[in-house]
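1. kindly return the folded structure for what I paste below:
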Amino acid sequence: MATSWREALNPPVYLVSILPGLGVPLLAGGQVAHAVSLALATVAVVLLQHAINLFNDAADWRLGADVEKHDSWVRVHHERPQLAVLHGVLSLLAGGLLGLAVLWQQGQWWIVAIAAPMVGLGYLYNAGSKPLSYTHLGEWVTGICYGPGVFGCLWLVAGQPPGVAMLAGMAAFAALAVALLLSHQPPQIETDRLAGKLSFAVRYGADRTRAVAWGLFVVFLLAVGSVLLAASPAAGLLPVALGVLLGYRLKTTVLNPKRLLLSASAFILLGLLANTVSSTLAS
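-> As a prediction, the model looks like this:
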């Protein structure tokens, strides 16, 4: 039975690409030199993630993993993985062209040298008879693509100089992306093992996977919180307090991507609000 595109889209999943775009002004103290370019580049990242999601569903369908997944994009395309791949290619082209347009407008062509290998890794994550997602490298590729790749490039597109805040942001969003990936794996251990997928959960089991996912979420909180407190103890205190509460709450629940994404979103949005209030009072 075909699945509705609304079911497969699952909008909250795209927060993993939107949050780094919000993380840039948060870690930059609330101000960025090229806010419009940052927003457009973030949309480009969402389109690229959409393409990778489509490629992932097609690869899993072809290789026998996640075939029971009701909201697979392959089901949207009437169980024809080649149509899901075509859909993914169109989204990849749209995201790539939008990203290039932003770099052209900003005169930042040199960022292509950083972004292109990351896009290539994202493609290889699902390409071929043995995608990177099926190997021991799957989690590492995710961290590299979302840390130095997504956050690092968005930081530079926004006109921010390299520095400690940029490094902290890359570490934070690499950790968050891998935490989300790991939290997604435990329910799929058996089908992944049968398909030959060497995910972290297949290698180490559900309990250890959830524990590492929680630890990586704490790394995300610490990396962002340390920058906020260093920049402004008054503005950083409230989001850091929320981060402590969220970390404790997630420690006592069964982790899943939705809980992690909503917690990360609350943390970042409160940080942005605190920065705005602090800047308004200071002026």
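2. ok, the closest residue in space to Arg193 that isn't next to it in sequence - contacts?
-> In space, and not counting its chain neighbours, Arg193 is closest to Val202: 5.0 Å by C-beta to C-beta, 6 or more residues apart in numbering. C-beta coordinates here come from the backbone N, C-alpha and C atoms, glycine included. Contact analysis of Val202 by C-beta atoms under 8 Å, 6 or more residues apart in numbering lists Gln185, Ile189, Asp192, Arg193.
3. which stretches of the protein have low pLDDT?
-> Counting by pLDDT under 70, the chain has low-confidence residues at 1-5, 8, 64-71, 73, 282-283.
4. related to what we said a few turns ago, how about the contacts of Val202 in JSON lines, adding secondary structure, neighbour count and distance to Leu176?
-> Formatted as JSON lines, the entries for the contacts of Val202 read as follows, by DSSP: H, G, I helix; E, B strand; the rest coil; neighbours: other C-beta atoms under 10 Å; distance: C-beta to C-beta, whole Å:
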{"residue": "Gln185", "secondary structure": "coil", "neighbour count": "21", "distance to Leu176": "15"}
{"residue": "Ile189", "secondary structure": "helix", "neighbour count": "17", "distance to Leu176": "22"}
{"residue": "Asp192", "secondary structure": "helix", "neighbour count": "22", "distance to Leu176": "22"}
{"residue": "Arg193", "secondary structure": "helix", "neighbour count": "15", "distance to Leu176": "26"}
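5. which one of the residues you listed sits closest to His78?
-> Among the contacts of Val202, Asp192 lies closest to His78 (C-beta to C-beta), at 24.7 Å.
6. look up how far Lys258 lies from that closest one.
-> 20 Å (C-beta to C-beta, to the nearest Å).
7. can you report phi and psi for Ala158?
-> phi -70, psi 0 (degrees, to the nearest 10).
8. how many other residues sit next to it?
-> 23 (other C-beta atoms under 10 Å).
9. next: Ser279.
-> Neighbours of Ser279 (other C-beta under 10 Å): 14.
10. Pro25 is in contact with that one, correct?
-> No - judged on C-beta atoms under 8 Å, Ser279 makes no contact with Pro25 at a distance of 11.1 Å.
11. in space, what's closest to Ala33 - neighbours in sequence excluded?
-> Gly159 (3.0 Å).
12. let me know the secondary structure of the one you found.
-> coil (DSSP: H, G, I helix; E, B strand; the rest coil).
13. ok, Pro233 - contacts?
-> By C-beta under 8 Å, 6+ apart, Pro233 has no neighbours at all.
14. from Ala241, how far off is it?
-> Distance from Pro233 to Ala241, by C-beta to C-beta: 12 Å.
15. ok, now Glu79?
-> Applying C-beta to C-beta to Glu79 and Ala241 gives a distance of 49 Å.
16. more crowded one of these two?
-> Glu79 (15 against 12).
17. tell me the spacing between the more buried one and Trp61.
-> 8 Å.
18. likewise for Gln105?
-> Here Gln105 is placed at a distance of 38 Å from Trp61 (C-beta to C-beta).
19. of the two, who's got more company?
-> Higher neighbour count among Gln105 and Trp61: Trp61, with 21 against 12, using other C-beta under 10 Å.
20. check contacts around the residue nearest to that one when sequence neighbours are not counted.
-> Leaving aside its sequence neighbours, Trp61 sits nearest to Val74 (C-beta to C-beta, 6+ apart; 4.3 Å). By C-beta under 8 Å, 6+ apart, Val74 lies in contact with Asp57, Ala58, Trp61, Arg80, Pro81, Ala84.
21. before we move on, the earlier item: now, which of the contacts of Val202 sits nearest Gly149?
-> Looking across these and measuring by C-beta to C-beta, the closest to Gly149 is Gln185, at 21.1 Å.
22. for the closest one, what are its contacts?
-> By C-beta under 8 Å, 6+ apart, the neighbours of Gln185 are Asp192, Ser199, Phe200, Ala201, Val202, Thr209.
23. and these, which of them are in helices?
-> Judged by DSSP state H, the contacts of Gln185 include Asp192, Phe200, Ala201, Val202, Thr209 as members of helices.
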